[in-house]
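Visitor: Please work out how this folds:
(4 chains)
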2 protein chains.
Amino acid sequence: MIDKRDEAETDDIPAGMLALDRQLCFAVYSAAHALNRAYKPLLDPYGLTYPQYIALMTLWEEDGRTVKALGARLGLDSGTLSPLLKRLEGAGYIRRARDRNDERQVLVTLTDKGRAMKHEAVAIRLAIGKATGCSLDTLQALTADLQTLAGRLDTGATQDDAA
Amino acid sequence: MIDKRDEAETDDIPAGMLALDRQLCFAVYSAAHALNRAYKPLLDPYGLTYPQYIALMTLWEEDGRTVKALGARLGLDSGTLSPLLKRLEGAGYIRRARDRNDERQVLVTLTDKGRAMKHEAVAIRLAIGKATGCSLDTLQALTADLQTLAGRLDTGATQDDAA
DNA sequence: CAAAATTAGATTGTGCGCAATATGATTTTG
DNA sequence: CAAAATCATATTGCGCACAATCTAATTTTG
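Guide: Reported below is the predicted structural model:
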(Lines give C-alpha, C1' and ligand atoms only; values in the text may rest on other atoms or scores of the structure.)
Protein backbone atom coordinates (compact mmCIF):
# COMPACT_ATOMS: atom_id res chain seq x y z
CA MET A 1 0.00 0.00 0.00
CA ILE A 2 2.93 2.31 0.58
CA ASP A 3 5.23 2.94 -2.33
CA LYS A 4 8.45 1.06 -1.61
CA ARG A 5 10.52 2.45 -4.44
CA ASP A 6 12.28 5.01 -2.30
CA GLU A 7 11.78 3.53 1.14
CA ALA A 8 13.90 0.49 0.39
CA GLU A 9 16.83 2.80 -0.27
CA THR A 10 18.68 2.60 3.00
CA ASP A 11 21.77 4.49 1.93
CA ASP A 12 20.11 7.55 0.52
CA ILE A 13 16.53 8.06 1.56
CA PRO A 14 14.96 10.90 -0.40
CA ALA A 15 13.84 13.74 1.84
CA GLY A 16 10.33 13.46 0.45
CA MET A 17 9.57 10.02 1.78
CA LEU A 18 10.48 10.82 5.33
CA ALA A 19 9.50 14.47 5.17
CA LEU A 20 7.84 15.53 8.35
CA ASP A 21 5.06 17.37 6.59
CA ARG A 22 3.77 14.23 4.97
CA GLN A 23 3.82 12.24 8.13
CA LEU A 24 0.56 11.54 9.84
CA CYS A 25 2.16 11.10 13.22
CA PHE A 26 3.48 14.63 13.25
CA ALA A 27 0.20 16.05 11.97
CA VAL A 28 -1.81 14.37 14.74
CA TYR A 29 0.81 15.31 17.29
CA SER A 30 0.73 18.96 16.22
CA ALA A 31 -3.05 19.13 15.97
CA ALA A 32 -3.41 17.72 19.48
CA HIS A 33 -1.08 20.40 20.83
CA ALA A 34 -2.81 23.12 18.84
CA LEU A 35 -6.20 22.07 20.21
CA ASN A 36 -4.81 22.00 23.72
CA ARG A 37 -3.48 25.54 23.29
CA ALA A 38 -6.79 26.70 21.80
CA TYR A 39 -8.80 25.34 24.71
CA LYS A 40 -6.49 26.60 27.44
CA PRO A 41 -7.61 30.27 27.53
CA LEU A 42 -11.25 29.15 27.36
CA LEU A 43 -10.88 26.70 30.26
CA ASP A 44 -8.53 28.71 32.49
CA PRO A 45 -11.38 30.87 33.86
CA TYR A 46 -13.00 27.70 35.18
CA GLY A 47 -9.80 26.28 36.63
CA LEU A 48 -10.04 23.30 34.29
CA THR A 49 -7.40 21.62 32.15
CA TYR A 50 -8.16 20.12 28.77
CA PRO A 51 -8.05 16.48 29.96
CA GLN A 52 -10.23 17.39 32.94
CA TYR A 53 -12.72 19.01 30.59
CA ILE A 54 -12.80 15.88 28.46
CA ALA A 55 -13.40 13.77 31.55
CA LEU A 56 -16.30 16.06 32.51
CA MET A 57 -17.77 15.59 29.04
CA THR A 58 -17.89 11.83 29.51
CA LEU A 59 -19.82 12.41 32.73
CA TRP A 60 -22.29 14.72 30.98
CA GLU A 61 -22.77 11.86 28.59
CA GLU A 62 -23.52 9.48 31.46
CA ASP A 63 -23.18 10.35 35.12
CA GLY A 64 -22.31 8.00 37.97
CA ARG A 65 -19.66 5.97 36.22
CA THR A 66 -16.93 3.96 37.88
CA VAL A 67 -13.29 4.95 37.45
CA LYS A 68 -12.83 1.87 35.29
CA ALA A 69 -15.73 2.81 33.00
CA LEU A 70 -14.35 6.34 32.62
CA GLY A 71 -10.93 4.95 31.85
CA ALA A 72 -12.33 2.64 29.18
CA ARG A 73 -14.19 5.53 27.56
CA LEU A 74 -11.18 7.85 27.66
CA GLY A 75 -8.46 5.31 26.99
CA LEU A 76 -6.71 6.21 30.24
CA ASP A 77 -5.55 4.03 33.11
CA SER A 78 -5.92 4.60 36.82
CA GLY A 79 -2.44 6.07 37.06
CA THR A 80 -3.67 9.01 35.03
CA LEU A 81 -7.29 9.14 36.15
CA SER A 82 -6.88 8.83 39.91
CA PRO A 83 -5.00 12.10 40.41
CA LEU A 84 -7.01 13.87 37.69
CA LEU A 85 -10.30 12.95 39.36
CA LYS A 86 -8.98 14.01 42.75
CA ARG A 87 -8.23 17.44 41.30
CA LEU A 88 -11.70 17.61 39.72
CA GLU A 89 -13.15 16.73 43.12
CA GLY A 90 -10.97 19.33 44.82
CA ALA A 91 -12.26 21.93 42.36
CA GLY A 92 -15.84 20.95 43.22
CA TYR A 93 -16.93 19.52 39.87
CA ILE A 94 -17.38 15.90 40.94
CA ARG A 95 -17.71 13.64 43.97
CA ARG A 96 -16.03 10.26 44.41
CA ALA A 97 -17.45 7.55 46.64
CA ARG A 98 -16.90 3.84 47.09
CA ASP A 99 -19.73 1.66 45.84
CA ARG A 100 -21.55 0.21 48.90
CA ASN A 101 -22.21 -3.02 47.02
CA ASP A 102 -18.67 -3.50 45.78
CA GLU A 103 -16.12 -1.60 47.79
CA ARG A 104 -13.49 -2.11 45.11
CA GLN A 105 -15.29 0.34 42.87
CA VAL A 106 -15.34 4.13 43.09
CA LEU A 107 -18.38 5.87 41.64
CA VAL A 108 -17.80 9.30 40.13
CA THR A 109 -20.79 11.66 40.11
CA LEU A 110 -21.24 15.26 39.01
CA THR A 111 -21.94 18.01 41.55
CA ASP A 112 -24.30 20.88 40.75
CA LYS A 113 -21.23 22.83 39.68
CA GLY A 114 -20.21 19.98 37.41
CA ARG A 115 -23.64 19.85 35.78
CA ALA A 116 -23.75 23.64 35.43
CA MET A 117 -20.45 23.57 33.55
CA LYS A 118 -22.21 21.72 30.76
CA HIS A 119 -24.01 24.93 29.87
CA GLU A 120 -20.78 26.94 29.78
CA ALA A 121 -19.42 24.33 27.39
CA VAL A 122 -21.80 25.54 24.68
CA ALA A 123 -19.90 28.81 24.38
CA ILE A 124 -16.59 26.94 24.44
CA ARG A 125 -17.66 24.68 21.59
CA LEU A 126 -18.75 27.65 19.53
CA ALA A 127 -15.45 29.44 20.17
CA ILE A 128 -13.42 26.41 19.15
CA GLY A 129 -15.57 25.85 16.08
CA LYS A 130 -14.93 29.43 15.07
CA ALA A 131 -11.19 29.14 15.75
CA THR A 132 -10.92 26.15 13.44
CA GLY A 133 -12.40 28.21 10.63
CA CYS A 134 -14.00 25.04 9.33
CA SER A 135 -17.59 24.15 8.60
CA LEU A 136 -19.38 21.69 10.85
CA ASP A 137 -19.43 19.21 7.98
CA THR A 138 -15.69 19.46 7.53
CA LEU A 139 -15.08 18.94 11.23
CA GLN A 140 -17.40 15.97 11.42
CA ALA A 141 -15.74 14.32 8.44
CA LEU A 142 -12.31 14.84 9.98
CA THR A 143 -13.59 13.52 13.30
CA ALA A 144 -14.95 10.40 11.63
CA ASP A 145 -11.64 9.73 9.87
CA LEU A 146 -9.72 10.11 13.13
CA GLN A 147 -12.05 7.75 14.93
CA THR A 148 -11.50 5.16 12.22
CA LEU A 149 -7.76 5.61 12.51
CA ALA A 150 -7.70 5.39 16.31
CA GLY A 151 -9.96 2.35 16.27
CA ARG A 152 -7.75 0.50 13.84
CA LEU A 153 -4.54 1.35 15.66
CA ASP A 154 -5.98 0.23 19.00
CA THR A 155 -7.37 -3.01 17.67
CA GLY A 156 -4.25 -3.80 15.69
CA ALA A 157 -6.20 -3.97 12.43
CA THR A 158 -4.25 -4.66 9.27
CA GLN A 159 -6.93 -4.64 6.58
CA ASP A 160 -6.67 -2.07 3.81
CA ASP A 161 -9.37 0.46 3.05
CA ALA A 162 -7.79 1.62 -0.20
CA ALA A 163 -10.45 2.41 -2.77
CA MET B 1 -21.29 27.93 10.47
CA ILE B 2 -22.33 25.73 13.32
CA ASP B 3 -26.01 24.97 13.69
CA LYS B 4 -27.25 26.93 16.69
CA ARG B 5 -30.72 25.39 16.91
CA ASP B 6 -29.80 23.06 19.71
CA GLU B 7 -26.71 24.71 21.09
CA ALA B 8 -28.58 27.81 22.24
CA GLU B 9 -30.69 25.60 24.48
CA THR B 10 -29.02 26.10 27.81
CA ASP B 11 -31.62 24.39 29.96
CA ASP B 12 -31.85 21.15 28.10
CA ILE B 13 -28.92 20.49 25.82
CA PRO B 14 -29.63 17.53 23.53
CA ALA B 15 -27.17 14.72 24.04
CA GLY B 16 -26.31 14.77 20.36
CA MET B 17 -24.82 18.23 20.29
CA LEU B 18 -22.37 17.61 23.07
CA ALA B 19 -21.89 13.94 22.35
CA LEU B 20 -18.30 12.96 22.73
CA ASP B 21 -18.22 10.98 19.52
CA ARG B 22 -18.98 14.00 17.42
CA GLN B 23 -16.38 16.13 19.06
CA LEU B 24 -13.21 16.81 17.21
CA CYS B 25 -11.26 17.46 20.37
CA PHE B 26 -11.84 13.96 21.67
CA ALA B 27 -11.09 12.40 18.29
CA VAL B 28 -7.74 14.18 18.00
CA TYR B 29 -6.97 13.44 21.64
CA SER B 30 -7.71 9.74 21.17
CA ALA B 31 -5.89 9.45 17.85
CA ALA B 32 -2.78 11.03 19.37
CA HIS B 33 -2.83 8.50 22.21
CA ALA B 34 -3.48 5.63 19.82
CA LEU B 35 -0.53 6.64 17.63
CA ASN B 36 1.65 6.95 20.71
CA ARG B 37 0.68 3.43 21.78
CA ALA B 38 1.25 2.08 18.26
CA TYR B 39 4.76 3.54 18.07
CA LYS B 40 5.83 2.48 21.55
CA PRO B 41 6.61 -1.20 20.85
CA LEU B 42 8.41 -0.19 17.64
CA LEU B 43 10.57 2.41 19.40
CA ASP B 44 11.23 0.61 22.69
CA PRO B 45 13.99 -1.58 21.16
CA TYR B 46 15.89 1.62 20.34
CA GLY B 47 15.30 3.23 23.73
CA LEU B 48 13.39 6.07 22.09
CA THR B 49 10.12 7.71 23.06
CA TYR B 50 7.64 9.00 20.50
CA PRO B 51 8.48 12.71 21.04
CA GLN B 52 12.19 11.89 20.88
CA TYR B 53 11.61 10.06 17.60
CA ILE B 54 9.76 13.07 16.20
CA ALA B 55 12.63 15.33 17.26
CA LEU B 56 15.07 13.00 15.48
CA MET B 57 12.94 13.22 12.33
CA THR B 58 13.29 16.99 12.26
CA LEU B 59 17.07 16.54 12.42
CA TRP B 60 17.00 14.03 9.53
CA GLU B 61 15.16 16.76 7.67
CA GLU B 62 17.90 19.26 8.45
CA ASP B 63 20.82 18.61 10.75
CA GLY B 64 22.67 21.15 12.88
CA ARG B 65 19.70 23.19 14.04
CA THR B 66 19.56 25.36 17.12
CA VAL B 67 17.24 24.48 19.99
CA LYS B 68 15.11 27.45 19.03
CA ALA B 69 14.79 26.27 15.42
CA LEU B 70 13.82 22.78 16.58
CA GLY B 71 11.28 24.24 18.96
CA ALA B 72 9.73 26.33 16.20
CA ARG B 73 9.48 23.29 13.94
CA LEU B 74 7.97 21.10 16.64
CA GLY B 75 5.85 23.69 18.42
CA LEU B 76 7.67 23.02 21.69
CA ASP B 77 9.40 25.38 24.10
CA SER B 78 12.75 25.00 25.83
CA GLY B 79 11.12 23.66 28.97
CA THR B 80 10.15 20.58 26.99
CA LEU B 81 13.06 20.39 24.57
CA SER B 82 16.00 20.90 26.92
CA PRO B 83 15.48 17.73 28.96
CA LEU B 84 14.33 15.76 25.91
CA LEU B 85 17.50 16.68 24.00
CA LYS B 86 19.65 15.83 27.01
CA ARG B 87 18.12 12.37 27.04
CA LEU B 88 18.69 12.00 23.29
CA GLU B 89 22.29 13.02 23.87
CA GLY B 90 22.61 10.58 26.77
CA ALA B 91 21.32 7.81 24.50
CA GLY B 92 23.97 8.73 21.92
CA TYR B 93 21.69 9.92 19.12
CA ILE B 94 22.73 13.58 19.09
CA ARG B 95 25.38 15.99 20.32
CA ARG B 96 24.75 19.45 21.78
CA ALA B 97 27.33 22.24 21.62
CA ARG B 98 27.29 25.98 22.10
CA ASP B 99 27.71 27.97 18.91
CA ARG B 100 31.22 29.49 18.93
CA ASN B 101 29.93 32.61 17.19
CA ASP B 102 26.97 33.16 19.48
CA GLU B 103 27.32 31.45 22.80
CA ARG B 104 23.63 31.91 23.51
CA GLN B 105 22.77 29.27 20.95
CA VAL B 106 23.09 25.51 21.27
CA LEU B 107 23.57 23.59 18.03
CA VAL B 108 22.08 20.11 17.91
CA THR B 109 23.75 17.66 15.54
CA LEU B 110 23.19 13.99 14.78
CA THR B 111 25.77 11.37 15.73
CA ASP B 112 26.49 8.38 13.50
CA LYS B 113 23.99 6.48 15.61
CA GLY B 114 21.42 9.23 15.06
CA ARG B 115 21.93 9.14 11.30
CA ALA B 116 21.80 5.34 11.25
CA MET B 117 18.44 5.42 13.00
CA LYS B 118 16.99 7.05 9.91
CA HIS B 119 17.32 3.74 8.10
CA GLU B 120 15.54 1.84 10.87
CA ALA B 121 12.73 4.35 10.56
CA VAL B 122 11.78 2.93 7.18
CA ALA B 123 10.58 -0.30 8.78
CA ILE B 124 8.78 1.67 11.47
CA ARG B 125 6.92 3.76 8.91
CA LEU B 126 5.87 0.64 7.05
CA ALA B 127 4.65 -1.00 10.26
CA ILE B 128 2.60 2.04 11.24
CA GLY B 129 1.19 2.37 7.75
CA LYS B 130 0.09 -1.24 7.93
CA ALA B 131 -1.39 -0.81 11.41
CA THR B 132 -3.56 2.07 10.23
CA GLY B 133 -5.06 -0.19 7.59
CA CYS B 134 -5.38 2.87 5.39
CA SER B 135 -4.10 3.60 1.91
CA LEU B 136 -1.32 6.12 1.48
CA ASP B 137 -3.77 8.46 -0.24
CA THR B 138 -6.16 8.29 2.69
CA LEU B 139 -3.41 9.02 5.16
CA GLN B 140 -2.06 11.92 3.16
CA ALA B 141 -5.51 13.48 2.87
CA LEU B 142 -6.04 13.15 6.61
CA THR B 143 -2.61 14.58 7.25
CA ALA B 144 -3.36 17.58 5.05
CA ASP B 145 -6.65 18.26 6.84
CA LEU B 146 -4.95 18.08 10.23
CA GLN B 147 -2.22 20.47 9.12
CA THR B 148 -4.87 22.94 7.99
CA LEU B 149 -6.64 22.61 11.31
CA ALA B 150 -3.49 23.03 13.40
CA GLY B 151 -2.38 25.99 11.31
CA ARG B 152 -5.65 27.78 11.78
CA LEU B 153 -5.83 27.12 15.48
CA ASP B 154 -2.29 28.35 16.02
CA THR B 155 -2.73 31.49 13.95
CA GLY B 156 -6.10 32.26 15.47
CA ALA B 157 -7.75 32.22 12.07
CA THR B 158 -11.48 32.80 11.93
CA GLN B 159 -12.25 32.54 8.23
CA ASP B 160 -14.64 29.84 7.10
CA ASP B 161 -13.76 27.19 4.55
CA ALA B 162 -17.31 25.92 4.25
CA ALA B 163 -18.06 24.92 0.69
C1' DC C 1 -15.50 -22.24 54.27
C1' DA C 2 -10.38 -21.40 53.31
C1' DA C 3 -6.81 -20.74 49.78
C1' DA C 4 -6.01 -19.01 45.23
C1' DA C 5 -7.10 -16.15 41.55
C1' DT C 6 -9.15 -12.10 39.88
C1' DT C 7 -10.59 -7.36 40.03
C1' DA C 8 -10.62 -2.15 41.13
C1' DG C 9 -7.96 1.58 42.52
C1' DA C 10 -4.03 3.88 44.27
C1' DT C 11 0.91 4.72 44.31
C1' DT C 12 5.58 5.35 42.38
C1' DG C 13 8.85 6.48 38.88
C1' DT C 14 9.96 8.36 34.33
C1' DG C 15 9.06 11.36 30.58
C1' DC C 16 6.31 14.94 27.98
C1' DG C 17 4.25 19.82 27.87
C1' DC C 18 3.86 24.50 29.33
C1' DA C 19 4.11 28.87 32.30
C1' DA C 20 7.08 31.46 34.92
C1' DT C 21 11.48 32.48 36.20
C1' DA C 22 16.58 32.58 36.14
C1' DT C 23 21.12 32.88 33.87
C1' DG C 24 24.28 34.35 30.79
C1' DA C 25 25.47 36.27 26.24
C1' DT C 26 24.68 39.67 22.66
C1' DT C 27 22.85 43.90 20.92
C1' DT C 28 21.09 48.46 21.39
C1' DT C 29 21.25 53.12 23.23
C1' DG C 30 22.58 57.05 25.51
C1' DC D 1 31.95 52.25 26.27
C1' DA D 2 28.57 51.38 30.08
C1' DA D 3 23.70 50.62 31.22
C1' DA D 4 19.53 48.73 29.45
C1' DA D 5 17.09 45.82 26.56
C1' DT D 6 16.84 41.70 24.10
C1' DC D 7 17.75 36.98 23.10
C1' DA D 8 18.80 31.79 23.71
C1' DT D 9 18.65 28.41 26.77
C1' DA D 10 18.07 26.21 31.30
C1' DT D 11 15.45 25.42 35.56
C1' DT D 12 11.35 24.83 38.46
C1' DG D 13 6.72 23.59 39.40
C1' DC D 14 2.41 21.56 38.09
C1' DG D 15 -0.35 18.39 35.47
C1' DC D 16 -0.95 14.58 32.07
C1' DA D 17 0.34 9.70 30.48
C1' DC D 18 1.83 5.10 31.20
C1' DA D 19 4.34 0.89 33.16
C1' DA D 20 5.03 -1.50 37.21
C1' DT D 21 3.82 -2.41 41.68
C1' DC D 22 0.92 -2.51 45.82
C1' DT D 23 -3.36 -2.93 48.61
C1' DA D 24 -7.76 -4.32 49.50
C1' DA D 25 -12.07 -6.44 48.13
C1' DT D 26 -14.55 -9.94 45.62
C1' DT D 27 -15.02 -14.27 43.27
C1' DT D 28 -13.64 -18.90 42.24
C1' DT D 29 -12.15 -23.54 43.52
C1' DG D 30 -11.21 -27.37 46.07
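
Visitor: quick one: low-confidence parts of chain A?
Guide: Residue ranges of chain A with pLDDT under 70: A:1-22, A:156-163.

Visitor: Close to DNA strand D: what parts of it are there?
Guide: Selection of chain A residues close to DNA strand D by CB under 7 Å from any atom of the strand yields A:49, A:51-52, A:75-80, A:83-84, A:87, A:101-104. In short, each C-beta sits where N, CA and C put it, glycine included.

Visitor: Show me which residues of chain A sit near DNA strand C.
Guide: So chain A meets DNA strand C at A:29, A:33, A:36-37, A:40, A:66-68, A:71, A:77-79, A:81-83, A:85, A:96, A:102, A:104-106 (CB under 7 Å from any atom of the strand).

Visitor: buried subset of those residues?
Guide: A:Y29, A:H33, A:N36, A:V67, A:G71, A:L81, A:L85, A:V106 (16 or more other CB atoms under 10 Å in any protein chain shown).

Visitor: what's the closest of those residues to B:W60?
Guide: A:Y29 (16.1 Å; CB to CB).

Visitor: residues in contact with the closest one?
Guide: B:A32, B:L35, B:Y50, B:P51, B:I54 (CB atoms under 8 Å, 6 or more residues apart in numbering or on different chains).

Visitor: What of A:G71?
Guide: A:D77, A:S78, A:L81.

Visitor: Quickly note the distance from it to A:L43.
Guide: As for A:G71, its distance to A:L43 is 21 Å (criterion: CB to CB, to the nearest Å).

Visitor: Next one: whatever residue of chain A ends up closest to DNA strand D relative to A:L85, how far apart?
Guide: Per CB to the nearest atom of the strand, the residue of chain A with the smallest distance to DNA strand D is A:G79, at 2.5 Å. Separation of A:G79 from A:L85 (CB to CB): 12 Å.

Visitor: ok, now A:I54?
Guide: 12 Å.

Visitor: again with A:D145
Guide: For A:D145, the distance to A:L85 - CB to CB - is 31 Å.

Visitor: follow-up on the earlier one: quick one, phi/psi of the residue of chain A closest to DNA strand D?
Guide: phi -60, psi -30 (degrees, to the nearest 10).

Visitor: if you go through chain A in chain order, where are the strands?
Guide: Using DSSP state E, the strands found in chain A span residues A:65-66, A:94-98, A:106-110.

Visitor: Switch those strands over to JSON lines; also include distance to A:G151.
Guide: Below are the strands of chain A laid out as JSON lines (distance: least, CB to CB, whole Å):
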{"stretch": "strand A:65-66", "distance to A:G151": "21"}
{"stretch": "strand A:94-98", "distance to A:G151": "28"}
{"stretch": "strand A:106-110", "distance to A:G151": "25"}
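
Visitor: do you know which of the ones you listed lies nearest A:A141?
Guide: That would be strand A:65-66 among these, by CB to CB, at 29.4 Å.

Visitor: Can you spell out which helices and strands pack onto that closest one?
Guide: Counting contacts by 3 or more CB pairs under 8 Å, 6 or more residues apart in numbering or on different chains; DSSP states H and E, strand A:65-66 packs against strand A:106-110.

Visitor: Just the helices from chain A, written as ranges.
Guide: A:15-18, A:24-43, A:50-61, A:67-74, A:78-90, A:112-132, A:136-155 (DSSP state H).

Visitor: Now render the ones you listed as JSON lines, adding distance to B:E62.
Guide: Conversion of these to JSON lines gives the following (distance: least, CB to CB, whole Å):
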{"stretch": "helix A:15-18", "distance to B:E62": "9"}
{"stretch": "helix A:24-43", "distance to B:E62": "14"}
{"stretch": "helix A:50-61", "distance to B:E62": "31"}
{"stretch": "helix A:67-74", "distance to B:E62": "37"}
{"stretch": "helix A:78-90", "distance to B:E62": "35"}
{"stretch": "helix A:112-132", "distance to B:E62": "30"}
{"stretch": "helix A:136-155", "distance to B:E62": "28"}
